[in-house]
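K.L.:
Have a look; sequence and predicted model below, questions after that.
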Amino acid sequence: MTLIASHSHRALEVLGPRYPDLTLVSEGRSGMVFTGHAGGPDGRAVAVKVAYPVDGSAHYSSAMARFRREAEIGARLAHPHILRTSPVEVLDGIEFYEMDAAGPIRLDQLITAAHPPGYARVLTVLQQLADALDYAHAHGVVHGALRPSTVLLDPTGQVLLKGFCLYTNETAPHPSLAPAAVGNPAYMAPEQWHDATVERRVDVYALGVLAYEMCTGHARVGYDRSGVPEIRPIELAPNHPLRADVPMHVSTAIRRATNRDLDVRYGSAGAFVTALTHPEEAQGHSLPTVVPPRNAKAHAPWMLLTLVLVVATAIFVGIPSSPRDELFALLLPSGRR
């Protein structure tokens, strides 16, 4: 039995009496998630996240730091679209925290479903995510690891976001986390790859990738013929809709949200979602207007006519007044003299 498998059995033994019907449902990068009931078999449904065992390796040390950071931030943020967490507890050597039950559906399951959500539903999901992100950003928190598996749907279909990892000023009581260590390569902004100081626009980039996946129905992370994971490119052809019910300008908005240049990228998640419903907001600097060069041959007749008029005017003005008056008398009809 592996260390993690034995640890999950140990967690069931220790936490089972506190959370009846405790069941292991998933294993993530920072811990194992169980479901159960708080306060007895008929109590409130909850999810319980248990930290991986610490065996002295760097992998588990990093996972533990992330586990504690997720719990710490989740307990600080209070927003209807952010998953609530409790502070970390330790019981008989098992380190864990409690979360609200969010339902069995994750966003990645919605993206790859046989019948993907229509564009109206996509907008609703993105708006709720943007509201949650903007709230967190206003409180000095960056998600840093936004991806489909961190977006859950509660039983009513409302979005719940989990897994916040980073602070914008890194004044946290726990050790700092390297931005590149917490992100998923398919959703990480270029600056995050290099562990640069992160701010809200790394989440805007990831939200743009999520929008692309929801509008196409294709996950960016796939597998080649040998089963090796691969990151597929974001394909946004100019003047081509992502699908029949998605407006043309959405591709432009996504291109700007996922731009490598921070100055081009939207300054907030809310601004990006606004651009999805307002074509004029989608443009920005992502697709600069290119003025086609003038065709000299096409303008040649007009240029010649202008030149003739200028020369004729100069000659006419240079004629003395008396001959000019006689010329007027000859050219104008008698009724207009």
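P.N.:
That came in fine, so what should we check first? Numbering: from 1, shown residues only.

K.L.:
Find the nearest non-adjacent residue to Asp245, please.
P.N.:
Take Asp245 and drop its neighbours on the chain: the residue closest to it by C-beta to C-beta, 6 or more residues apart in numbering is Tyr119, 4.6 Å away. For glycine as for every other residue, the C-beta is placed from the backbone atoms N, C-alpha and C.

K.L.:
Same question for Ile4.
P.N.:
Tyr52 (6.3 Å).

K.L.:
now swap in Pro116 and tell me
P.N.:
Pro116 sits nearest to Gly217 (C-beta to C-beta, 6+ apart), 4.0 Å away.

K.L.:
phi, psi of the one you found?
P.N.:
In terms of degrees, to the nearest 10, the main-chain angles of Gly217 are phi 80, psi 20.

K.L.:
Kindly report the same for Thr258.
P.N.:
Torsion angles, degrees, to the nearest 10, at Thr258: phi -100, psi 20.

K.L.:
before we move on, what about Phe272?
P.N.:
Dihedral angles for Phe272 - degrees, to the nearest 10 - are phi -60, psi -50.

K.L.:
Relative to Asp131, how far out is it?
P.N.:
12 Å (C-beta to C-beta, to the nearest Å).

K.L.:
what about the two, which has more around it?
P.N.:
Phe272 (28 against 19; other C-beta atoms under 10 Å).

K.L.:
if I read this right, the more buried one contacts Ala257, doesn't it?
P.N.:
Yes: with contact defined as C-beta atoms under 8 Å, Phe272 and Ala257 form a contacting pair (4.8 Å).

K.L.:
Name the residues contacting each of these two.
P.N.:
204, 207-208, 211, 266 (C-beta atoms under 8 Å, 6 or more residues apart in numbering).

K.L.:
nearest to Lys162, of these?
P.N.:
Each of these was checked against Lys162 using C-beta to C-beta; the closest is Leu207, at 15.1 Å.

K.L.:
how about that closest one, secondary structure?
P.N.:
helix (DSSP: H, G, I helix; E, B strand; the rest coil).

K.L.:
ok, now which ones touch it?
P.N.:
126, 129-130, 133, 146, 257, 269, 272.

K.L.:
how does it look with 10 Å?
P.N.:
Taking C-beta atoms under 10 Å, 6 or more residues apart in numbering, we find Leu207 in contact with 126, 129-130, 133, 143, 146, 187, 254, 257-258, 266, 269, 272-273.

K.L.:
element containing the closest residue to Asn259 other than its chain neighbours, please.
P.N.:
Nearest residue to Asn259 in three dimensions, chain neighbours excluded: Arg265, at 5.0 Å (C-beta to C-beta, 6+ apart). Using DSSP states H and E, no element contains Arg265; it sits outside every helix and strand.

K.L.:
What number of residues are in the vicinity of Arg265?
P.N.:
Neighbour number of Arg265 under other C-beta under 10 Å is 23.

K.L.:
Who are the contact partners of it?
P.N.:
189, 200-202, 204-205, 208, 256-259, 271-272, 284-286.

K.L.:
On the C-terminal side of the helix or strand containing Ala136, identify the next helix or strand.
P.N.:
Per DSSP H and E, Ala136 falls inside helix 119-138. Per DSSP H and E, the first helix or strand lying C-terminal to helix 119-138 is strand 141-142.
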